[in-house]
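Q: This is a predicted model, with the sequence first.
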Amino acid sequence: MKLNNNKNNSVFITIGASNHAKEEREIHDYYATEPQAVQMLMEIEDIKPIVLEPCVGGGHIAEELKAKGHKVISSDLIDRGYGIGNRDIFNYHNKNGKLYYKDELIIDGDFDIVTNPPYKQANAMTEHMLNLLNDNCKLIQFLKLTFLESKARKELYKKYPLKTLHVSSSRLITCKNGDFDKYQSRAIAYAWYVWQKGYKGEPTIKWFN
């Protein structure tokens, strides 16, 4: 436990450690996913040939999926030079089993979503993304293990049961602004959270790495 009484900072207590504790968080909550995490995901989960990555950032997830033959539709609210920028995830919608962005047809048929969403918006985004999917398609998100916590998320899991939680037994990296040379920390535990549209039941917990 650490107590910081620096008069220039708000008093805070950390139990363990955080890779976001001292430096200001990235303004748009952009923390890129370590490519190794995606490689390991593909070894433990079946992913459909077509994937939507709506929080693509610098393409760290998308590039690994494409390397294994997946067709990836990549977009982000912020234009970081990869995929289609200035595209708000909440403007995607499903109509008759087809994915649209506003009035534009994006995917005609089944697809999975694989992403690492901005953590502070992850609750709302999770529900919205699940409503984009056709039955039996998956939403797979790379999130902190603490995403299991809170009363609001308890209600989310009751409404949309998690199918599988893949917990990384060794710490993986996310990097502020996608800068893996400057920001590297293994202070936070992460997992791959897997929902399957229409699944009803208890979640299965597995370990990898």
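A: Sure thing, it's come through.
Q: how about the strands in this protein?
A: Remark: strands assigned in the chain by DSSP state E are 2-4, 12-14, 31-33, 50-53, 71-74, 92-95, 98-101, 104-108, 112-115, 138-144, 164-168, 174-176, 190-196, 204-208.
Q: Could you dump those strands into CSV with mean pLDDT added?
A: Listed next are the strands of the chain as CSV, based on pLDDT from 0 to 100:
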stretch, mean pLDDT
strand 2-4, 38
strand 12-14, 31
strand 31-33, 85
strand 50-53, 99
strand 71-74, 99
strand 92-95, 99
strand 98-101, 99
strand 104-108, 99
strand 112-115, 99
strand 138-144, 97
strand 164-168, 98
strand 174-176, 71
strand 190-196, 98
strand 204-208, 98
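Q: can you pull out the helices in the chain?
A: Along the chain, counting by DSSP state H, helices occupy 35-44, 60-67, 122-130, 151-159.
Q: among these, which is the most enclosed?
A: Neighbour counts (mean count of other C-beta atoms under 10 Å) averaged over each of those peak at helix 60-67, with a mean of 20. The way it works is simple: take the backbone N, C-alpha and C, and place the C-beta from them, glycine included.
Q: Report the inter-axis angle for it versus helix 35-44.
A: Angle of helix 60-67 versus helix 35-44, following axes from the mean of the first three to the mean of the last three C-alpha atoms, to 10 degrees, is 50 degrees.
Q: how much distance is there from helix 60-67 to the middle of the chain?
A: In terms of C-alpha atoms, centre = their mean, to the nearest Å, the centre of helix 60-67 is found 14 Å from the chain centre.
Q: Alpha carbons of that helix, as PDB, please.
A: Presented in PDB, the C-alpha positions along helix 60-67 are these (Å, rounded to 0.1, in the frame of the first residue of the first chain):
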ATOM      1  CA  HIS A  60      -2.300  -4.000 -33.000                       C
ATOM      2  CA  ILE A  61      -5.200  -6.500 -32.800                       C
ATOM      3  CA  ALA A  62      -6.200  -6.100 -36.400                       C
ATOM      4  CA  GLU A  63      -2.700  -6.800 -37.900                       C
ATOM      5  CA  GLU A  64      -2.400 -10.100 -35.900                       C
ATOM      6  CA  LEU A  65      -5.800 -11.300 -37.100                       C
ATOM      7  CA  LYS A  66      -5.100 -10.400 -40.700                       C
ATOM      8  CA  ALA A  67      -1.800 -12.300 -40.500                       C
END
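Q: Alright, calling it a day.
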